[in-house]
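>>> This is a predicted model, with the sequence first.
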Amino acid sequence: MQVLEVAEGVILSRLDSFNMNQIITSGQCFRWNEFRKNVWRGIAFDTLLEIELLDNNSYLFKCTKETFYSLWYDYFDFERDYEQIKRSVEGDSFLEKAVVVGDGIRILRQDSFEILITFIISQCSNIPKIKTNVNILCQKLGAYVEDKHGRGGYHLFPTPKALAENPELVASCGVGYRDKYIVNAARKVLTGELNLDHLRTVSREEAFDALISLYGVGRKVANCVLLFGLQHLDGFPIDLWIKKVLDKHYQGLFDTSRYNGYRGVIQQYMFYYGRTLGASYFE
DNA sequence: CGTCAGGTCTCTA
DNA sequence: TAGAGACCTGAC
């Protein structure tokens, strides 16, 4: 990766494994949008970022170099070598195709609390509805801040305190029966009974057990929190799409041991490719 | 209008 | 341990 500082921001070129469309449609984040053709806007932690695709497959990050390195470099997981991961699927014909179709996927390092709540919302829902719910939640319960670059105001993701103390507002966000799961989880975080930062430092098994002990959090959501919010990349969440792929191409038996340490990344390629193929493909 | 969606809980056997 | 039914609601 080459980083060039310009007046409008930072230009990244010679990027390996980076495709904004793929990243934001791979179902791991819900606060990014294609603002206009080849321009994306998203909010992470407390910051708004605009990214533009330039020629030659280089991207303009509209932020200072300092912010790029202090926030976005980690957020987009630029330290990880996805090329090596993609090479490791050699010999598996389905995954070989999957890493070509989703060659620009990365696992974002998102805020753990936001991920926990968002994936509680995701259960038995769909991506457009999840986005709607999360946006309403942010508007009603998240702090309003002004963008430093004059791109307007926006709402942060609500704090544990805001969600814990406003159950009736949470219930009015269209999240259905999940409202009590959200409020309960927020209360556990607020009181310190659940320490998400701590879970980052313990084993994946221990973190998993702590997460599924939450009311309304099962193995699927727990694995998503591990993968997207806590950087435990070894989780392999099995959802509807993964199940379809495993049934059709692996007779329901997929040996993940080969991908020890980064099973979740493999899962993400599988999910993305499976969804690209569409439901009819699996009938 | 019905159907369905990146699940989880509860009850039953 | 396994299976069935309930659960909210917007997007299509």
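Looks like it came in fine. Numbers count the residues shown, from 1 in each chain, chains lettered A, B, ... in the order given.
>>> Going by secondary structure, the residue lying closest to A:Tyr269 once chain neighbours are set aside is in what exactly?
With sequence-adjacent residues excluded and distances taken as C-beta to C-beta, 6 or more residues apart in numbering, A:Tyr269 is closest to A:Ala98, at 4.3 Å. For every residue, glycine as well, the C-beta is placed using N, CA and C. A:Ala98 is located in helix A:93-101, with elements delineated by DSSP states H and E.
>>> Next up, the contacts around the nearest residue to A:Ile43 once chain neighbours are set aside.
Spatial nearest neighbour of A:Ile43, chain neighbours left out: A:Arg31 (4.9 Å); criterion: C-beta to C-beta, 6+ apart. Residues counted as contacts of A:Arg31 (C-beta atoms under 8 Å, 6 or more residues apart in numbering) are A:Gly42, A:Ile43, A:Ala44, A:Lys131, A:Val134, A:Asn135, A:Cys138, A:Phe157.
>>> Name the residues of the host helix or strand of the fourth one that are buried.
In this structure, A:Lys131 sits in helix A:127-141 according to DSSP H and E. By neighbour count on 16 or more other C-beta atoms under 10 Å, the buried set for helix A:127-141 is A:Ile130, A:Lys131, A:Thr132, A:Asn133, A:Val134, A:Asn135, A:Ile136, A:Leu137, A:Cys138, A:Leu141.
>>> So the last one versus A:Tyr73, what's the distance?
Between A:Leu141 and A:Tyr73 the computed distance is 29 Å (C-beta to C-beta, to the nearest Å).
>>> Give me the pLDDT value at A:Val134.
pLDDT recorded at A:Val134 is 98.
>>> hmm, the helix holding A:Ala98 touching DNA strand B?
No: interface with DNA strand B: helix A:93-101 contributes nothing (C-beta under 7 Å from any atom of the strand), its closest point being 13.7 Å away.
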